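S.K.: I'd like to go over a predicted model; first the sequence, then the structure.
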Amino acid sequence: MFDRILGRTRPPEEEPASEEEAKEDVRERPRVYYPSPDFGSSIVKFIDSLFEDLDDWSYKAANGDIEAGDRLETMTIARSAILIGILSANRPDIADDLRVRLVGLSRRLDGIRFFEEAMVANGYAIGIALFGRKLPGTSIDYGEGSDAMLSAAKSEPAHDG
Amino acid sequence: MGDVQTVPPGHWSLDFPDWAFPHECLIEGGGREMSVIMEERKEWPPRDAAGRLIPAFVIAGVRSDYSLVRRWLRHIWLEAYFGIGTFFVVGGPPGLGKSTAGLRFGEWLNPTWEMGRQVVYDFYVAVRGIEAWPLMDLIYMDEALGRGGWSQKWREEEVQEFIVSLWEKARRYKKIIGLCFQSEGAANWVLRDSGLVGWWWIIKKRDARTGLKFAKLRHAIPLTEFYMKRFHAFKMERGSAFRDGGEGTIPPISPSVIEAYNALRDEGLTRDEEALPEERASDLLGE
């Protein structure tokens, strides 16, 4: 900037005369480590391999492999436990509900069936925690039953309480 | 009549735990706890002074027994019974049936409901009615505030003083007070800044065939202080902020009632004969 203000111009950068000199320059430069995508890609690789394993185990479990089914259940429970831990910070009610659901499912189901139902329960918990239930199913009121309400209130009822 | 069924005490529907922002009641434990306390006192199911059942608490064995409107009516009845001056606002464009919604609320909250009395058009009638009419009544101020109430001419101190006295009266005489506005935003500097209103209905559309009204309910969180990030301090201030509750429908009333209501409205019979428009509301409320 000061060069431009003072009316000076930079000398043009000299291009390396040959490839050998360029390589030597690179060697002399101090090594600086920038954040590389290796760390992220390793996580992605791990998750990919995990899902491949899950696919593998689920196919094997569906074909009757008990050991693969056990591994599938263990992995499902581990992931659900992480989810329960995350949810319990803000919505302990949902987390506890998910725990109760998973315990019930694990008593009833095994292997691939447990995996399917547990995934549904996890998705339900995530959805409820994120979006809540803004529109309860009972919210539509066409007014039916109001005549019975009003007549019951107008007459003197003998209600035991 | 031994087969009359009411909502059991402690039922989940007496609160709103199923909303994205669950309603935090001013009474600890909410509607469930209040109903259990009434059961302990042998006061359940809720009745009026003459011993009649409150219609909102009667269930007829149909799906709409636990609709949003009825659950809300039960909740605000319990709030008023336990000594909170319950105010709610109904807003929406003209022609969507705000007044008929008030008729519906009144019909369900009072066994001895009279159309000409509970839906008032005169502000001074409403203010006097808080003291004069029986306990646990709904007073639905249908555009009354816009006519004679807190108009823009009032001074702010006067309005605040008036609101505090109105709140105390509503709490003392256990009234549920509905404020009906075509443009509720015009009064927001009074209603919001005073922290008066706890519930806010917004009527969005009306089904022309059935008269069903689609509405949205918002509930207030009372604020006593604001955090000022710049000063790292709390500023003491009264106010309320509204959060989304649920969306629901307000059922229509019968055509005969609507005809009677229209006749009353046209003839101007809803104004009480004892009204004294010359008196200021502050005089009426002053000790």
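M.R.: Nice, thanks for sending it over.

S.K.: So B:Ala60 sits against A:Gly143, correct?
M.R.: No - here B:Ala60 lies out of contact with A:Gly143, judged by Cβ atoms under 8 Å, at a distance of 10.8 Å. Heads up, the C-betas are built off the backbone N, CA and C, glycines and all.

S.K.: More neighbours: those two, which one.
M.R.: A:Gly143 (20 against 16; other Cβ atoms under 10 Å in any protein chain shown).

S.K.: which ones are touching the residue lying closest to that one once chain neighbours are set aside?
M.R.: The spatial neighbour of A:Gly143 that comes closest, neighbours along the chain excluded (Cβ to Cβ, 6 or more residues apart in numbering or on different chains), is B:Pro251 at 3.0 Å. Taking Cβ atoms under 8 Å, 6 or more residues apart in numbering or on different chains, we find B:Pro251 in contact with A:141-143, A:146, B:64, B:69, B:104, B:212-213.

S.K.: Out of the residues you listed, name the ones that lie in helices.
M.R.: Under the assignment DSSP state H, those contribute A:146, B:69, B:104 to helices.

S.K.: Reformat the residues you listed as TSV; add pLDDT and neighbour count.
M.R.: As requested, the ones in helices among the contacts of B:Pro251 are exported to TSV (pLDDT from 0 to 100; neighbours: other Cβ atoms under 10 Å in any protein chain shown):
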residue	pLDDT	neighbour count
A:Ser146	87	23
B:Val69	93	25
B:Arg104	89	22
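
S.K.: Next one: the closest residue in space to B:Phe226 that isn't next to it in sequence from chain A, what distance?
M.R.: The shortest distance from B:Phe226 to any non-neighbouring residue, by Cβ to Cβ, 6+ apart, is to B:Lys235 (4.9 Å). Separation of B:Lys235 from chain A (Cβ to the nearest Cβ, to the nearest Å) stands at 27 Å.

S.K.: which strands and helices sit next to the strand or helix carrying B:Lys235?
M.R.: Using DSSP states H and E, B:Lys235 falls within strand B:233-250. Counting contacts by 3 or more Cβ pairs under 8 Å, 6 or more residues apart in numbering or on different chains; DSSP states H and E, strand B:233-250 packs against helix B:68-81, helix B:188-194, strand B:199-206, strand B:213-228.

S.K.: Deepest-packed of the ones you listed, please.
M.R.: helix B:68-81 (a mean of 24; mean count of other Cβ atoms under 10 Å in any protein chain shown).

S.K.: Strand B:213-228 and that one, what's the angle between them?
M.R.: 50 degrees (axes from the mean of the first three to the mean of the last three Cα atoms, to 10 degrees).

S.K.: Would helix B:68-81 count as contacting chain A?
M.R.: Yes - for helix B:68-81, a contact with chain A is found by Cβ under 8 Å from any Cβ of the partner chain, at B:68-70.

S.K.: ok, then the element right after that helix?
M.R.: strand B:86-91.

S.K.: tell me the mean pLDDT for that following strand?
M.R.: Averaged across strand B:86-91, the pLDDT comes to 91.

S.K.: Right, I'll call it a day here.
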